[in-house]
Structure formats: C-alpha cells, structure tokens
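J.: sequence first, then the predicted structure, then my questions.
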Amino acid sequence: MNELVSTLNGLVWSPALIYLCLGVGLYFSLRGRFLQVRHFKEMIRLMFTGKTDEHGITSFQALTMTLAGRVGTGNIAGVATAITFGGPGAVFWMWMVAFLGASSAFVESTLGQVYKEKLNGEYRGGPAFYIERGLGLKWYAWLFAIVTVFACGLLLPGVQANSIASSVQTAFGVDPNVTAAVLAVLIGLIIFGGVKRIAHFTQVVVPFMALGYILVAMVIILLNIEKLPEVIALIVKSAFGLEAGFGAIVGMAIQWGVKRGVYSNEAGQGTGPHASSAAAVSHPAKQGLVQGFSVYIDTLFVCSATAFMLLITGQYNVQAPDGSAMFTGIAGVAAGPGYVQTAMENMMPGFGNAFVAIALFFFAFTTILAYYYIAETNIAYINRKVKRPILTLLLKFGIIAATVYGTVHTATFAWDLGDLGVGLMAWLNIIAILLMHKVAYKCLKDYEQQLDEGKDPVFHPEKLGIKNADYWGNTTSEDNLTAEKTEAQQPQR
C-alpha cells in the first residue's frame, strides 16, 4: 500500500504540476497587475468590514475558517520536511509560491463568490459549483467534488492528527491512542454543530494561535538577530544553487518548496473558495482580496517564523536524494515537529517543547475542522441531485475515523496520503480557474471602477455579461438588498 501511494504521488507531483503552480500564479499576477501588491492596504481594510446575516458569515470569519485550513501542520512539520529534503533553498520557493499564489487565491475565491448558492439556508460555493456553472462541465464538477470529499474527508486529516500525536508524545509522553480518543471526542462535539459553530470557534482560536506562535518565534529570532542576514543569504543562494553545500539539490529545493508551499497555503488547490463563499458580502472581489491576504499570513508570516527559527538555531538536517546526509544539525530526530520542538526547547528550556506541542495541536485541530467543512460543502453539492442526507452523517464518522487512523500510524504514510489528496485537487482546480479567470478579472475591474467613483462596490453580474450567477442575478432579492445595506454602512476607503 505504501509503495502504491508513493508511486501515485510521483505521478501527481511530477514537474508538470510544479511548473503549473508557479506558471499560473505568475500569469495571474501579471494579468491582475500584481493586485497582491496594489491592493495590499485594501485587503487589510476588507478583513474587518462587513457583517454576517442569517445565511452567511462575516469576511473575517470566512478568513479565519480559511486560515484554519491553511495554518496547520504544514507550517511546522511541513517546513521542517521541506528543509530536510530540499535544503534551505526550499524556503525561498515557498515564499515564491505564496507571493504568486495570492493572485491564484484571489481568482478562485472570487469565482466561489460569483457562483455560490444558498442551500438549506446557508451560502455554499467552491470549485464544484463554479466548474458546473461557469464551464458547464457537470462531470468535471462531480469529479472535483468526489475527489475533494475523499481528500479532505479521508486522506488529509491523518497528516494533522499524526503531527499532533507526535508532538504531544514528545512533549508530555502521552500515548497516541489516548490522543486519538481525545481528538475524536473534540471533533465530534464541533462538527455536529454546523458551519456557524465552526466559524465561531475558528475566529477565536486562529488569530490567537497564529499570533502567539509568531511572537514566540520572533523572540528566538531576536535573540539571534546577528545571524539573520546570514540565514537569508543562505536561503536565497541555496534556492538558485549558489551555495556550495546545497548546490546539487537545487531541483529538490524547487520541488519541495512548491509542494510544501501549496500544501501549506493551499493557493490554487481549491480549498479556500469553500469558506470564502460562505461570507456575506456585496461584491465577490471583496472576499477574493481578503483570501489573497490569507496566503501571506500563512506562508510569509507563520512558515517564515518556523524556517528562520530552525535555520538560525541550526536545528535541522538536510538529506541528499540518495539518503546520505548533507548537513546534520539535529541527529536522531526525524523530519517534522521534532525539529521545531528541539530548536525551541534549546532556546527556552522547560517551555519550548510544550509550547510547540500546544501550538501544533491548535494548528492541526482547526485544520481538521476546515477539512470537514470543505468535504461537507461538496457533499451538499452532490446532495442537490442525489438527496441522500445520510452522506453527511457518514462524512462525520468518516473524518473522525480518518483522524484516529492517522494518529496511530506512521508519519511517512500519513504525509504521502495527504500529498496525494492535495495534488489531485490542485490539478483539477488550477486547470478550471485557468479556463475561468476572465470572470474574476471582470469582477476586479468592476470593483476598482466603483471604488474610483467613490462607491461601496455592489455586484450586478448582468452588467458584466456574467451568466449563471443565479444568487446575484436577482438584484432586487431580499438577500442582495440586505447585503447592499449592510456593506453600505461600512466606512469608505
């Protein structure tokens, strides 16, 4: 089984997907005139404007739900793994994926808002919805929905759970079976409460956990600030094969940097649009810009904090493709959260080990909740036709079972399954948004024009020639009037 999954990963994560992720991000950045830079201030403003309604959630809640999925074990264990197999240069390519990926996140999340629907009293949207409505390819939409249910419901939770078990066992000596039981109970209590409960939980936990982790990492970096210029130079040189020690693995640096970057920030993967579609906003571009900023938070802030902490303290290893050691700074510790725990414990004895375990618990736990919401949204899409409510119940028990399974099995197999799920979703979604990106940029142009006119932008798809945006099509509907009034009360830029 391990060999089969590894072989499939080799096919899915071929150089073609690496180039596709970078190439599409670069194209979208040029197409949008680097909106991730031009609208940086607007992204921050929009995070804190807007209100919820009876059918949706606020922009900030949607942001935190997305960050719940993005800020996970990839920010700690994933960064450590990328450095192990790609060298310090992998960090640069994670940054590059984040910078270019912000434009991909804008496109997919804007499309999610344009083609969202109201199902059972809640806003729902995502790639399956915009593939069906925007491209008219129902088979492709169903394929994405089915792949996503399996990826987020069965393959990806194990990665998060395994990292929790590993870090908690290292810090507190807790048996993985105990951790599995606790996770099963906690997840069940929340996911049986619906999207509102998930949103309320993540809007409190996500900002707290991310800021806390970044602040502690910054303390360690500041204590070693004289080494920071040297570390940045090491990252950049290694990324282009200019560092003698790691010049032979520049290809691996790109591959692992992009792979772990996509896994961590999820830009283009198709997960972000699910939560962003639940936001109650008056214009799709608003949530698209907010989601673009979420990529920065994930990779440029949280992942960078981990990377600098490891490289400054020297608590990392680098392996050549043949398994031989190229650099050994932390002998006897497997690639993963153990690197970060050891680095922080050396700098903060008696505190660091436990802090990383607690931080990773919240990072990974909220990510599992986000995976559930994403899978549930695709079940809702499928249930529009098959009408089998039991599928949602099966998903709830399935994700709990996947979490328990991942907690007690090997980390390597868990990561391989997770990579397979991420890769399949990325292939399907990136092709779709590449075909549909013109709709997103129509929305951006319309948004910018209304801002220049001093208006608070409101979306009317028929004026832009956008078809099948049924939720927005009835501009006199109660929902749209409510959204316009709500947004009109917010301060202007």
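T.: Structure's in. What do you need?
J.: and residue 51, what's its pLDDT?
T.: At residue 51, the predicted lDDT confidence score is 59.
J.: quick one, phi/psi of residue 14?
T.: The phi/psi pair for residue 14 (degrees, to the nearest 10) reads phi -70, psi 170.
J.: now it: how far from residue 29?
T.: Distance, residue 14 to residue 29, using Cβ to Cβ, to the nearest Å: 23 Å. Backbone N, C-alpha and C define where each C-beta goes, glycine included.
J.: do the same with residue 356
T.: Residue 356 is 34 Å from residue 29, where distance means Cβ to Cβ.
J.: for residue 345, same thing?
T.: Separation of residue 345 from residue 29 (Cβ to Cβ): 40 Å.
J.: what's the answer for residue 250, then?
T.: 23 Å.
J.: on that earlier part again, have a look at residue 356 and residue 29 and say which one is more surrounded.
T.: Set residue 356 next to residue 29 and count neighbours by other Cβ atoms under 10 Å: residue 356 wins out with 30 against 20.
J.: now do the contacts for the closest residue to the more buried one other than its chain neighbours.
T.: The shortest distance from residue 356 to any residue other than its chain neighbours is 4.5 Å, reached at residue 341 (Cβ to Cβ, 6 or more residues apart in numbering). With contacts taken as Cβ atoms under 8 Å, 6 or more residues apart in numbering, residue 341 has the following neighbours: 167, 170, 171, 352, 353, 356, 357.
J.: apply 10 Å and report the result again.
T.: Each residue near residue 341 by Cβ atoms under 10 Å, 6 or more residues apart in numbering is listed here: 76, 80, 166-167, 170-171, 315, 333, 352-357, 360.
J.: that one in helix, strand or coil?
T.: helix (DSSP: H, G, I helix; E, B strand; the rest coil).
J.: could you check how far it is from residue 201?
T.: Residue 341 is 26 Å from residue 201, by Cβ to Cβ.
J.: with residue 231 instead?
T.: 36 Å.
J.: now do the nearest residue to residue 223 once chain neighbours are set aside: how many residues are near it, please.
T.: Nearest in space to residue 223, with sequence neighbours left out and distances taken as Cβ to Cβ, 6+ apart, is residue 347 at 6.6 Å. Close neighbours of residue 347, defined as other Cβ under 10 Å, add up to 19.
J.: over to residue 239?
T.: By other Cβ under 10 Å, the residues close to residue 239 number 25.
J.: surely it meets residue 95?
T.: Yes: contact criterion Cβ atoms under 10 Å: residue 239 and residue 95 qualify, at 9.0 Å.
J.: joint contacts of those two?
T.: Shared contacts of residue 239 and residue 95 (Cβ under 10 Å, 6+ apart): residue 257.
J.: dump the residue contacts of the nearest residue to residue 80 once chain neighbours are set aside.
T.: Leaving aside its sequence neighbours, residue 80 sits nearest to residue 339 (Cβ to Cβ, 6+ apart; 4.1 Å). For residue 339, the contacting residues are 76-77, 79-81, 83-84, 306, 309-310, 313, 315-317, 329-330, 333, 356, by Cβ under 10 Å, 6+ apart.
J.: so what pLDDT did residue 339 get?
T.: 80.
J.: the chain should start at 98 in everything you say after this.
T.: New numbering, starting at 98: the last item is residue 436.
J.: where along the stretch 148-297 of the chain do the helices fall?
T.: If DSSP state H, counting those that start in this stretch is used as the criterion, the helices of the stretch 148-297 of the chain fall at 156-167, 174-183, 186-211, 224-227, 235-247, 254-269, 273-288, 292-320.
J.: tell me which of those helices lies nearest to residue 341.
T.: Proximity to residue 341 (Cβ to Cβ) singles out helix 186-211 among the helices of the stretch 148-297 of the chain, at 12.5 Å.
J.: starting at the chain centroid, how far to that closest one?
T.: 10 Å (Cα atoms, centre = their mean, to the nearest Å).
J.: how far off helix 174-183 does that helix point, in degrees?
T.: Relative orientation of helix 186-211 versus helix 174-183 (axes from the mean of the first three to the mean of the last three Cα atoms, to 10 degrees): 130 degrees.
J.: pLDDT on helix 186-211, on average?
T.: 93.
J.: one step back: out of the helices of the stretch 148-297 of the chain, which one sits most buried?
T.: By mean neighbour count, with neighbours taken as mean count of other Cβ atoms under 10 Å, helix 224-227 ranks first of these at a mean of 32.
J.: so what does that helix touch, helix or strand wise?
T.: Helix 224-227 is packed against helix 186-211, helix 235-247, helix 369-373, helix 449-483, helix 508-549, with contacts defined by 3 or more Cβ pairs under 10 Å, 6 or more residues apart in numbering; DSSP states H and E.
J.: in JSON lines: the ones you listed, plus distance to residue 227.
T.: Converted to JSON lines, the helices and strands packed on helix 224-227 look like this (distance: least, Cβ to Cβ, whole Å):
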{"stretch": "helix 186-211", "distance to residue 227": "4"}
{"stretch": "helix 235-247", "distance to residue 227": "8"}
{"stretch": "helix 369-373", "distance to residue 227": "7"}
{"stretch": "helix 449-483", "distance to residue 227": "11"}
{"stretch": "helix 508-549", "distance to residue 227": "7"}
